[in-house]
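would you be able to build a 3D model of this:
(chains A and B)
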Amino acid sequence: MIKENKKNALLEVGTEEIPFSYIEPALRQIEKFALEAFNTFGLKYETLKTYATSRRLVLIVENLVNESNNKIEYILGPSLKAAKDERGEYTQAARGFALKNGVSPEKLVLKSTDKGDYLSFFKKTKSKRTEKLLSIVFSKLIRGISFPKTMLWEESGFRFARPIRNIVALYGTKVIKFKIADVISSNWTIGPHTYNGERIKIDLPENYLLIMKNKSVIVEQNKRRETIKKSMEFVSRNVGNIVVDESLIDEVNYLVEYPSAVLCSFDKKYLNLPSEVLSVCMKRNQKCFLVNDKNNNLLNYFVGIRNGVSKYQDTVKEGYEKVLAARLADAKFFYDNDLKNGLKYNIERLKGVVLHNEIGTVYEKIERIKCIASLFNKEFNMQIDEDTLEKAVMFSKADLLSEMVFEYPELQGVIGKIYAFELGESEDVALSIEQHYWPLVASGKLPSNNVALLVSLSDKIDTLVTYFTIGLEPSGSADPYGLRRVGIGFVRIVMEKLANCDLEYVMRKTFEFLPKNLVNNIKSENTYKKLTSFLCQRIESIFEMEGYKPCEVKAVTNILKLNYGIKNLGTLRLKLNALQNAKLRCDFSSITILFKRMVNIVNQAKKQNINISVVIREDLLVLDVEKAIFNVAKRLKIEVERHILKEEYSEIFDEVVKIKPLIDNFFEKVMIMTENEMIKSNRVSLINYIKDIFDEFINFSYLY
Amino acid sequence: MNFQEIIMALQNFWSKKGCLLWQPYDLEKGAGTFNPATFLHSLGPKPWNIAYVETCRRPSDGRYGKNPNRLQHYYQFQVIMKPAPKNIQQIYLKSLETIGIDSKKHDVRFVEDDWESPTLGAWGLGWEVWIDAMEVTQFTYFQQIGSINLNPISVEITYGTERLVMYVQKKNSVYDLHWNDDVTYGEMCLEKEKQWSLYNFEISDISLLEKHFNDWEKEARRLAKIKLAFPAYDAVMKCSHIFNLLEARGAIAVSERVDYISRIRAVAKVVAEEYLRSITEV
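Take a look at the predicted model:
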C-alpha cells in the first residue's frame, strides 16, 4: 500500500555485461550507501531492496516520504578555553569554526558535554523535497560504487566496471533527472539483447519488476536462482539427478537475465575419463552441470543454462553438445598422451622449469625436498621407508608439465594422482602427488597419507626458506607468492603431527640445502629469526581464527618468540584450553594481579640497577615468612616442571591458586625494598625466581 | 554460406556502418591487433573506423594439421571503431544476423574476458562472445596501447572466422569448411599446416632467430630515434614474431621469457610515443 505522502523510488543502472563476481559486492555497496544517505538526509522509508542481472543494478525503495525531516543538530567546535583568549576575544580557532559554518562568532552558542563546555553551532536543516535529494543520492551512489577493475568508454573520463548505457530513475511517476558519463536518466529502460535494443517504458517503480518479467528479464536474483534450479530439475527429471554445485549456480545466475535449462548428452565413451576431468571440462569452459544416476555415478548427460526463454532449445542443445564434444575430445587426447608419455618423462623436463632466477628450477627444488624429507624422517623417527619417500618426492611435481595441467591448471596434483594409479605406482606415491599441496586453503584438509604429509612438510619449509632467503617474504598486505598460506599449512601439520618436537635443529639444517649461491651463514641467522617469527604469527592467526582471544594466544606463544624456536607446538592448544578453563574455575583476575605485582617489582628493580640473581642465598633470608616461601617455591618449581612434562596444565593453575595466599602474605609482611642492599637484592631475586617458574608455561603479563 | 561469403557479408555490413575496408598487413603477426591500422591508429584523438581480414600466425598453436580446431595460421576479421558507438553491442549482434545467426534463436552471451597483450603494452576490458557456448568473438574496449592511456576509447571486435564458419556450416573440423562451393579449407591449408608445424617446432634455426631478434630490436630503437614511427613499428612486429618462433621452438626458458617480453614492450612503447608525437605535431 502506498500512503499519501509516500511513494516508491526506483534506480536501474543499465550496463553492458558486468563480470559476475563484481555484482554482489556492488549491491552491498549500493545498499550501504543508500541506507546512510537516507539517514543523513532524514528521509524515512519502509523497505530498501537491491537487485541485479548481468546488465542491471537496481535499487527499489518503498514508501519513501516526499520530503526530508527538519533537522536540528549541534556541531561541536573548539572548547571554551580554546575559543576565547585572556581578554575575552574570540580566538582564531573560534573564528575559523564560525566561518566554516557560515555565521559570525557571536551566533555560536555554548554547549555542555561530559568533557566540558564547547563552542558550538546550532544547525537547522530545513526539510527538502525528496525528488531534489534523490537526484543527488542516486548520482552519488552510482559514482561511489567501486569495482576490482574499471574502464573508460566515452570522453568524460567517468570509470565503471563496464559501460553504462541507460539509467532509469523514478520517484513515483516523476523522473529524477541527472547525468552520469554520457547517459541522462529517464523512465525508459532497455530490453534483453533478443529484443534488439527495444526501449521499454517504466511508468511506476512498483510496476518495474513485473514489466521486466513480461519482457523476459527476471530482475530478482533469488527468483532467478530458483528458476535455474527448478528448470534444471525439470529437464533432467527423466534421466537422473543434477549434481548441484551452488557456487556454479551463483555464477550462472549473474550471467543471465532469463535462465532456461537445456538437457544435453555426450558420447558414452568419455565416461571412461576421470570424473574430475569431466567435471572441469563442463564447469569451467561451459558452466554446465553434471547429471548422476541413482547410485551417484555420472551419466553421459549434462545440463546447460541458456540466457533467454526456452525457444529453439534444439538449436542451442546442438551447439552445446558440439562444443563439449570438442572439449572432451581434447581432454581425451591430453589424457592418452600424458599416460603414453608417463610421469618420469615429465620429471626430467622439470630441469627446464625455472621457479625463480635465484632459486633455480623445479627439479632442484625436488632435490632439496628429498634432503629435507629424509632429515625429518630420521630426526623425528617417522619410520617411513626411505626408498618410498624418495620416490614420492621425485613424483610429487610430475604432473606440472602434463598436457592436462597445461590446459586445466586446477587439476594440478589431482590428475597426477590419477596418472600415478593408472601407471601402477604405489598408493603412497600417488597420494603424495595430490596431498603434498594440502592444506589447499588455511582451514583445508591436512594430508591423510603419512608419506604425503612428510613431503608436504618438506616442500613447504623449502618454499619458505628459499623465498625468505632471497628477501621475498610477505610485507604488509602483499603476499604475491602465497607464503602465508604455505606457512599456515606448515605449522598446522607440525601442530598435529610433530606436536612435541623441537624443530630448531632441522629448520637451521634446511638452510644448508639452499642453492650454492644462497648459502650464507651470516645472513641465514637473520633469515632464520625472521622465519620463526613469521611462523609464530601464523600460529597466532590460526588460533585467532578459531576464536581464541589475541591476548590469550600471545600469552602461550610468547615462549616461542623468546627462543626463536618452533617447538612443542602441540602443547599450545592444551595450554589455551587450560587457560580458558581456569578463567571459569578460579578467581583469575586475582592471579593476574599477583603476577602483575611480581613483574612490576622485578622491572622496577632492574631500573634501579638492583642485582637480580638466579641463585637465592638462604643465609640472607632473615624472616620466617621468607624462608617458608622459598621452600614452597622450590617445591613448586619441581611440581610445575613435572606438570609441564606431563602436559597437565590445569594443575599448574591449581598450584598457583594454592600458593597465592602465601605470596600475598609475603608481600604483606616483608618489605622488599629494604635498606640492606644484599637483602634487597636477594628478595627481588626470590620474587623473580617465583615468577620465572611459570615462564615455560605461559606469560601472564599478556593477561592483565 | 561458404567462408568467402561470410567474409563478404561482414565486410559489407561494416562498410555500411562507416568502416573503411582496410587490408591485411604484409608482415607476420599473432593477431589483428598488431596491424598498424589498429595498434598505431588507436592512439590519438582522430575518429577511426575500419574493418579488415587479418592473417594471424601463432607458431605454438600448430598441431601438424591433426587437431580439428587448432592452427598455427588462421584468419581474424577485425573491426575497430573509435570512438566506440553507444549501441555497439546491438550493432555487433546485427552483424551476426547477416551471416545467419539470429540471436533470438541462440544463447548469446558476453562472458567476462579481460584482454591483454604484454608484448604490446596493451590491455582492455570486455568479453568473449559465446554463441551456444562456442566462443566466436573477442570484444574489447582498449584502455592502453603501447603503455599509453587512450582517450577516446576504441572498441575492437575480433571475429574468429574459422570458429564462426564452423558454426554456420555445422562442421566439426576446420579442414572440412567450404571456402567457396568447390574448395575446402583443408585443400587450401592442410599441407601448409603440416610443413609450418614441422618448421616451427623442429626445424627453425635458433641462433639465426636470436640474432635477428637482437638486430630488429636495435633497428626499432634506431628508427624511433630518427622519428620514423611506421618503419620502427615494423621492426617491433618482427621482434614479436621472432619471439613467438623462438618460444614454439622451446628455445626460451621461463626465466628468459619475461625478459624478452619486456624488451619488446619497451620498444613498442618508444614507437607508440613517437607516433603520437608525430601526429600531434602535424
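
please make it C-alpha for all contacts and neighbour counts, starting now.
OK.

the stretch 1-150 of chain B: helices as residue ranges?
Secondary structure of the stretch 1-150 of chain B (DSSP state H, counting those that start in this stretch): helices located at B:3-16, B:36-39, B:88-97.

pLDDT below threshold where in chain B?
By pLDDT under 70, the weakly predicted segments of chain B are B:253-255, B:282.

domains of it?
B:3-200, B:205-281 (automatic domain parsing).

next to chain B, which bits of chain A? Give me the list.
Within reach of chain B by C-alpha under 8 Å from any C-alpha of the partner chain, chain A has these residues: A:17-19, A:151-155, A:162, A:165, A:193-194, A:196-197, A:255-256, A:286, A:306-308, A:311-312, A:315-317, A:319-320, A:322-323, A:352-357.

which among those end up buried?
Taking 16 or more other C-alpha atoms under 10 Å in any protein chain shown as the criterion, what is buried in these is A:17-19, A:151-154, A:162, A:165, A:193-194, A:196, A:255-256, A:286, A:306-308, A:316-317, A:319-320, A:322-323, A:352-355.

which ones among those are found in strands?
Among those, the subset assigned to strands under DSSP state E consists of A:165, A:306-307, A:354-355.

hmm, residue A:41 is touching residue A:68, no?
Yes - Residue A:41 is within contact range of residue A:68, at 6.3 Å (criterion: C-alpha atoms under 8 Å).

now do the strands in the stretch 101-250 of chain A.
Taking DSSP state E, counting those that start in this stretch as the criterion, the stretch 101-250 of chain A contains strands spanning A:109-113, A:116-125, A:164-171, A:174-175, A:179-180, A:183-184, A:188-190, A:199-201, A:241-242.

need the winner for burial among those.
Ranked by average neighbour count under the criterion mean count of other C-alpha atoms under 10 Å in any protein chain shown, the strands of the stretch 101-250 of chain A are headed by strand A:164-171 at a mean of 24.

how close does the residue lying closest to residue B:69 once chain neighbours are set aside get to residue B:64?
In this structure, residue B:69 finds its nearest non-sequential neighbour in residue B:174, 6.1 Å apart by C-alpha to C-alpha, 6 or more residues apart in numbering or on different chains. Note on residue B:174: its distance to residue B:64, by C-alpha to C-alpha, to the nearest Å, is 13 Å.

one more: residue A:337?
Here residue A:337 is placed at a distance of 16 Å from residue B:64 (C-alpha to C-alpha).

let me see the ranges of the strands in the stretch 101-250 of chain B.
Counting by DSSP E, counting those that start in this stretch, the strands of the stretch 101-250 of chain B are B:108-112, B:115-117, B:122-131, B:134-145, B:148-149, B:155-160.

turn those into JSON lines, including mean neighbour count and distance to residue A:456.
Shown next, in JSON lines, are the strands of the stretch 101-250 of chain B (neighbours: other C-alpha atoms under 10 Å in any protein chain shown; distance: least, C-alpha to C-alpha, whole Å):
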{"stretch": "strand B:108-112", "mean neighbour count": "22", "distance to residue A:456": "35"}
{"stretch": "strand B:115-117", "mean neighbour count": "17", "distance to residue A:456": "35"}
{"stretch": "strand B:122-131", "mean neighbour count": "22", "distance to residue A:456": "38"}
{"stretch": "strand B:134-145", "mean neighbour count": "23", "distance to residue A:456": "39"}
{"stretch": "strand B:148-149", "mean neighbour count": "16", "distance to residue A:456": "45"}
{"stretch": "strand B:155-160", "mean neighbour count": "24", "distance to residue A:456": "44"}
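
can I get these in a markdown table including distance to chain A?
Output for the strands of the stretch 101-250 of chain B, formatted as a markdown table (distance: least, C-alpha to the nearest C-alpha, whole Å):
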| stretch | distance to chain A |
| --- | --- |
| strand B:108-112 | 5 |
| strand B:115-117 | 12 |
| strand B:122-131 | 7 |
| strand B:134-145 | 6 |
| strand B:148-149 | 10 |
| strand B:155-160 | 9 |
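
of all those, which lies closest to residue A:217?
Residue A:217 lies closest to strand B:108-112 among the strands of the stretch 101-250 of chain B, at 14.5 Å (C-alpha to C-alpha).

who are the packing partners of that closest one?
Packing partners of strand B:108-112 (3 or more C-alpha pairs under 8 Å, 6 or more residues apart in numbering or on different chains; DSSP states H and E): strand B:122-131.

mind naming the longest helix for the chain?
Going with chain A. Longest helix of chain A, by residue count under DSSP state H: helix A:313-349.

sorry, I should have been clearer: chain B.
Taking DSSP H as the criterion, chain B has its longest helix at helix B:254-281.

residues from the stretch 1-150 of chain B in reach of chain A?
Checking the stretch 1-150 of chain B against chain A by C-alpha under 8 Å from any C-alpha, the hits are B:83-84, B:86, B:90, B:103-112, B:124-126, B:131-134, B:141, B:143.

let me see the contact set for residue 161.
Chain wasn't specified; assuming chain A. A:18-19, A:147-151 (C-alpha atoms under 8 Å, 6 or more residues apart in numbering or on different chains).

wait, chain B
Listed by C-alpha under 8 Å, 6+ apart, the contact set of residue B:161 reads B:75-77, B:136.

and it, how far is that from residue B:45?
Separation of residue B:161 from residue B:45 (C-alpha to C-alpha): 30 Å.

centroid-nearest residue for chain A?
The centre of chain A sits closest to residue A:442, judged by C-alpha atoms, centre = their mean, with a distance of 8.7 Å.

tell me the phi and psi of residue A:299?
phi -100, psi 160 (degrees, to the nearest 10).

okay, now it: neighbour count?
Residues lying near residue A:299 (other C-alpha atoms under 10 Å in any protein chain shown) number 17.

other SSEs contacting the longest helix of chain A?
Judged by 3+ C-alpha pairs under 8 Å, 6+ apart, helix A:313-349 is in contact with strand A:259-265, helix A:386-395, helix A:403-407, helix A:414-422, strand B:134-145.
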